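Colleague: Next come a sequence and a model predicted from it.
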Amino acid sequence: MQQGNSDSSTPPKKSKKPKYSRFTQQELPACKPILTPGWVITSFVAVGIIFIPIGIASLFASEQVVEIVDHYDHECLPPEYLSDPLTFIKNSKTNKTCSRRLTVPKPMKGPVYVYYQLDNFYQNHRRYVKSRSDKQLRSKAAEANTKTCAPEATIGTGDPIVPCGLIAWSLFNDTYGFSLKNKVLPVSKKDIAWKSDQEKKFGSDVYPKNFQSGSLIGGAKLNASIPLSQQEDLIVWMRTAALPTFRKLYGKIEADFEANDVITVVIENNYNTYSFGGKKKLVLSTTSWIGGKNDFLGIAYLCVGGLCLFLAITFILLYVIKPRPLGDPSYLSWNRNAAGQLS
């Protein structure tokens, strides 16, 4: 009797078993399609039918783009400096003007976009990417905010550099002048930068100050009387590239070119890519509805579409030659009752 009383007074054991709910047991109503051969084959055929025309259209549009690429960095070296390009590029007294002649392979309808391409230039390097002050670029009130700009943060007297940082300091400074049949072709630099960058990232009250005033000049200089929001060359350059080979928009030529036209380009070969084994190229290009020349997009669509059609045909043959009977759907877990037993 006493033993029975002691048993009844024992507290119940605590259980770690969670309270039952349809949510925790994943028993809520859901769409759970059964992938029958018919559904799988139809899906692959649909993807193939959609992707292959898109791939063909993309390749066709890419082929319509006319592109001229001129690798000029070594071509613009004087013969006596071919074996020592660093001496040439660092000497401020050497003549860095170079003339190139480009033949137009196909008719080019304006506007013709002018790009400079750099190879082996790692703008995505961590220290390089961080060497800037977005607050300083946006507002004059943050002019002294240069703590993230080392080593190009301040000049010897402690005054801040605007814009500060390695990205701005290494601004591309080669220049291009174009002419056709002794007629100068003006290069427009209007609207070459993103509007969002001009309006939100670069302030209209921020002007260059103490920029490229040290003993070591990295690249182009800026006009101190023009606000950063209007210096589109700088804005384009400050949008750093993810890959070591990249193109950036230099300007636009509002003119049409015919096949076999010869464009004369006068280049000021100022930018130092020789010290790190980089390459410089001048690119003239038209555009299409997919943008510039890009065969990869069309090839990717064709490959995916072709693979899907191949798989669809393979499954059809397997289904016809060696069919397998389908199982009973009533045995699927979601066709059972909440207790997990067959009804």
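Modeller: On my side now, so go ahead.
Colleague: Name all residues that make contact with the nearest residue to residue 55 once chain neighbours are set aside.
Modeller: Spatial nearest neighbour of residue 55, chain neighbours left out: residue 301 (3.1 Å); criterion: CB to CB, 6 or more residues apart in numbering. In short, each C-beta sits where N, CA and C put it, glycine included. Residues in contact with residue 301 (CB atoms under 8 Å, 6 or more residues apart in numbering) are 51, 52, 54, 55, 58.
Colleague: Among those residues, which one lies nearest to residue 95?
Modeller: residue 58 (44.9 Å; CB to CB).
Colleague: mind checking the SS state of the closest one?
Modeller: Using DSSP: H, G, I helix; E, B strand; the rest coil, the structure places residue 58 in helix.
Colleague: distance of residue 273 from residue 71?
Modeller: Computed as CB to CB, to the nearest Å, the residue 273 to residue 71 distance reads 11 Å.
Colleague: more crowded one of these two?
Modeller: Set side by side, residue 273 and residue 71 show more neighbours around residue 273, with 19 against 12, by other CB atoms under 10 Å.
Colleague: And for the more buried one, nearest residue in space, chain neighbours not counted?
Modeller: Using CB to CB, 6+ apart, the nearest residue to residue 273 is residue 280, at 5.5 Å.
Colleague: That neighbour touches residue 74, doesn't it?
Modeller: No. Counting by CB atoms under 8 Å, residue 280 sits too far from residue 74 to count as a contact (9.2 Å).
Colleague: The two - which one has more neighbours?
Modeller: More neighbours surround residue 280 than the other of residue 280 and residue 74, with 23 against 12 (other CB under 10 Å).
Colleague: on that earlier part again, did I read that right, the residue nearest to residue 273 in a helix?
Modeller: No. Checked against three-state DSSP, residue 280 lies outside a helix; its state is strand.
Colleague: which ones are touching it?
Modeller: Contacts of residue 280 by CB under 8 Å, 6+ apart are 71, 72, 73, 116, 117, 118, 119, 174, 269, 271, 273.
Colleague: farthest pair in the residues you listed?
Modeller: Using CB to CB, those span at most 15.6 Å, a distance reached by 119 and 269.
Colleague: Comparing those two, which residue is more hemmed in?
Modeller: More neighbours surround residue 269 than the other of residue 119 and residue 269, with 23 against 16 (other CB under 10 Å).
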